[in-house]
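K.L.:
What follows is a predicted structure for the sequence shown.
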Number of protein chains: 2
Amino acid sequence: MKQVLASNDALAKEQLALLDRHDVLGINLMSGPGAGKTSLIERTVEALGKRLRIYVIEGDIQGSLDAERVAAKGAPVTQLNTQGACHLDAMMLAAALPGIDFAHLDLLIIENVGNLVCPAEFALPAHYNVTVLSTPEGSDKPVKYPLMFSKSDVIVLNKLDLLDFVSFDVPGFKASLRRLKPDVPIIELSARTGAGLDAWLGWLENKVKERKRG
Amino acid sequence: MKQVLASNDALAKEQLALLDRHDVLGINLMSGPGAGKTSLIERTVEALGKRLRIYVIEGDIQGSLDAERVAAKGAPVTQLNTQGACHLDAMMLAAALPGIDFAHLDLLIIENVGNLVCPAEFALPAHYNVTVLSTPEGSDKPVKYPLMFSKSDVIVLNKLDLLDFVSFDVPGFKASLRRLKPDVPIIELSARTGAGLDAWLGWLENKVKERKRG
């Protein structure tokens, strides 16, 4: 297992160098099932698709539902099927990257398989790991899935519109995140209503610009 | 991997024989993170704890939050920590079973790790696999996680109280389940409000009785 992870890390690093040569920002978007990763990508493409050249890679065990949703928003997209595996890895990405024209791209968003466990262990060609948690999932998740949250550079708390209808302890959630990763940015939003989305879009656009400035 | 699964299957079968010798019903409760497995167990213990002798095994990557919640309802409980693994397996169960007095038990509920992928592959000492999906997770989950749903004997659709606030296509969900498993019972409920809970409790109690009758 250690060997598998080491060889995955090495391949992901090579792939990331390809993104770097073209000043492309890579994002690895992770969450449990149904937390709203695809909705967040849809909103992102709607809002930034005219200003930024965005490519999306969709990871799912099977099917192409998510790729169809993203394509409908006008972004080029590749669907990867893991055929049972609970995460994407760099080897799977190797099948998709040669088809992408990095010279004419600003942002690569990789949507991982919906799973709060396995994806955290496998590096992908991404500068930032972003984990989405949704309020109905409960505020105890950082305590129960610490690896995922401690490997994340940004946490998006989604489905803020449901906060009044679920038991989610926002201060407790933030406190448990801070224990894992003291300075991690936490962006609270609702992909459904659009509330709080500006903070996410601002963070993302800022990181794309930083990369262009080198 | 095939060998690991085969040896897990064999061990789970031996463990199930132990339950059978004492006419104890075993349930393997699975779902993604935060779908409401623990809440359903809390409600079950509240409602049936006086009539049935229930033991709960809690599977989590780390921590004992869920075991504390169940213990507060008055059921004996063992917390198993998988130390990073994304599912329970029969070998982990082997650590917990010797501590259980099966001669004075009716029902063993095993709460698996919150994950819609890996737990489906590892048999446990259970007569029925029950998968919980919650409405905020989205109705596309059977299409995206077919193994979990096709290995389930009962599907619980939880968080029915949130149905008005989320995009969940109930007929579409049922149709996609029927394609995987034509006759699977689907129990719709809200562990939060208690709506629909009777159908779940009735199913469970009925299965316990069937086992006693042998």
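P.N.:
Okay, I see it.
K.L.:
for chain A, longest helix please?
P.N.:
In chain A, taking DSSP state H as the definition, the longest helix is helix A:2-21.
K.L.:
That one - contacts with which helices or strands?
P.N.:
strand A:25-31, helix A:90-93 (3 or more Cβ pairs under 8 Å, 6 or more residues apart in numbering or on different chains; DSSP states H and E). C-beta: built from backbone N, CA, C; applies to glycine.
K.L.:
which of the residues in the shortest one are buried?
P.N.:
By 16 or more other Cβ atoms under 10 Å in any protein chain shown, the buried positions in helix A:90-93 come out as A:90, A:92-93.
K.L.:
export these to JSON lines and tack on pLDDT and distance to B:Pro185?
P.N.:
JSON lines is the format used below for the buried residues of helix A:90-93 (pLDDT from 0 to 100; distance: Cβ to Cβ, whole Å):
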{"residue": "A:Ala90", "pLDDT": "97", "distance to B:Pro185": "41"}
{"residue": "A:Met92", "pLDDT": "97", "distance to B:Pro185": "36"}
{"residue": "A:Leu93", "pLDDT": "97", "distance to B:Pro185": "40"}
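K.L.:
Name the nearest of those relative to B:Gly74.
P.N.:
Using Cβ to Cβ, A:Met92 is the member of these that sits closest to B:Gly74, with 46.7 Å.
K.L.:
Excluding covalently adjacent residues, which one is nearest to that closest one?
P.N.:
A:Leu80 (5.4 Å; Cβ to Cβ, 6 or more residues apart in numbering or on different chains).
K.L.:
which residues sit in contact with the residue positioned nearest the centre of chain A?
P.N.:
Note on chain A: the residue nearest the mean C-alpha position is A:Leu29, at 1.0 Å, using Cα atoms, centre = their mean. By Cβ atoms under 8 Å, 6 or more residues apart in numbering or on different chains, the residues touching A:Leu29 are A:37, A:40-41, A:109-112, A:130, A:132.
K.L.:
Which ones among those residues map onto helices?
P.N.:
Going by DSSP H, the helices hold A:37, A:40-41 from the contacts of A:Leu29.
K.L.:
and the residues you listed, which are buried?
P.N.:
Once neighbours are counted (16+ other Cβ under 10 Å), the buried part of the ones in helices among the contacts of A:Leu29 comes down to A:37, A:40-41.
K.L.:
Could you see whether chain B lies near stretch A:34-43?
P.N.:
Yes: Stretch A:34-43 lies within reach of chain B by Cβ under 8 Å from any Cβ of the partner chain, at A:Gly34.
K.L.:
Next, the buried residues of stretch A:176-194.
P.N.:
A:176-177, A:180-181, A:184, A:187-192.
K.L.:
likewise stretch A:6-18?
P.N.:
For stretch A:6-18, by 16+ other Cβ under 10 Å, it's A:8, A:11-12, A:15-16.
K.L.:
which bits of chain A sit near chain B?
P.N.:
So chain A meets chain B at A:32-34, A:60-63, A:65, A:84, A:86, A:113-118, A:134, A:136-138, A:140-141, A:143-147, A:159, A:161-162, A:165-167, A:192 (Cβ under 8 Å from any Cβ).
K.L.:
In PyMOL, select just the buried ones from these.
P.N.:
Of those, the buried ones go into a single PyMOL selection, burial set by 16+ other Cβ under 10 Å:
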select buried, chain A and resi 32+33+34+60+61+63+65+86+113+114+115+116+117+118+134+136+137+138+140+141+143+144+145+146+147+159+161+162+165+166+192
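K.L.:
Wait, a helix at A:Leu157?
P.N.:
No: secondary structure assignment (DSSP: H, G, I helix; E, B strand; the rest coil) places A:Leu157 in strand, not in a helix.
K.L.:
Please report how far it lies from A:Glu188.
P.N.:
Using Cβ to Cβ, to the nearest Å, A:Leu157 is found at 5 Å from A:Glu188.
K.L.:
same question, A:Leu201
P.N.:
Distance from A:Leu201 to A:Glu188, by Cβ to Cβ: 14 Å.
K.L.:
same deal with A:Leu65?
P.N.:
A:Leu65 is 27 Å from A:Glu188, by Cβ to Cβ.
K.L.:
what do you get for A:Asn129?
P.N.:
18 Å.
K.L.:
follow-up on the earlier one: arrange the buried residues of helix A:90-93 in JSON lines, one row each, with distance to A:His104 as further columns.
P.N.:
Below are these laid out as JSON lines (distance: Cβ to Cβ, whole Å):
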{"residue": "A:Ala90", "distance to A:His104": "23"}
{"residue": "A:Met92", "distance to A:His104": "23"}
{"residue": "A:Leu93", "distance to A:His104": "19"}
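K.L.:
In terms of distance to chain B, which of these ranks first?
P.N.:
Closest to chain B out of the buried residues of helix A:90-93 is A:Met92 (14.8 Å), distances taken as Cβ to the nearest Cβ.
K.L.:
can you pull the contacts of that closest one?
P.N.:
Taking Cβ under 8 Å, 6+ apart, one finds A:59, A:80, A:82, A:85 in contact with A:Met92.
K.L.:
what two of the residues you listed are the furthest from one another?
P.N.:
A:Leu80 and A:Ala85, at 10.2 Å, using Cβ to Cβ across the contacts of A:Met92.
K.L.:
And the strands in chain A?
P.N.:
A:25-31, A:54-60, A:77-81, A:107-111, A:128-134, A:154-158, A:186-188 (DSSP state E).
K.L.:
what packs against the third one?
P.N.:
Using 3+ Cβ pairs under 8 Å, 6+ apart as the contact criterion, the secondary-structure elements in contact with strand A:77-81 are strand A:54-60, helix A:65-72.
K.L.:
just for chain A, where's the confidence low?
P.N.:
Within chain A, no range satisfies pLDDT under 70.
K.L.:
try it again with 90
P.N.:
A:1-2, A:212-214 (pLDDT under 90).
K.L.:
And for the residue nearest to A:Leu124 when sequence neighbours are not counted, the neighbour number?
P.N.:
Nearest non-adjacent residue to A:Leu124, counting by Cβ to Cβ, 6+ apart: A:Asn28, 4.7 Å away. Counted by other Cβ atoms under 10 Å in any protein chain shown, the residues lying close to A:Asn28 total 29.
K.L.:
same thing with A:Met1?
P.N.:
6.
K.L.:
go on, A:Ala175?
P.N.:
Around A:Ala175 there are 12 residues (other Cβ under 10 Å).
K.L.:
Enumerate every residue touching it.
P.N.:
Applying Cβ under 8 Å, 6+ apart, no residues contact A:Ala175.
K.L.:
same thing but 10 Å
P.N.:
By Cβ atoms under 10 Å, 6 or more residues apart in numbering or on different chains, the contact list for A:Ala175 reads A:139, A:142, A:169.
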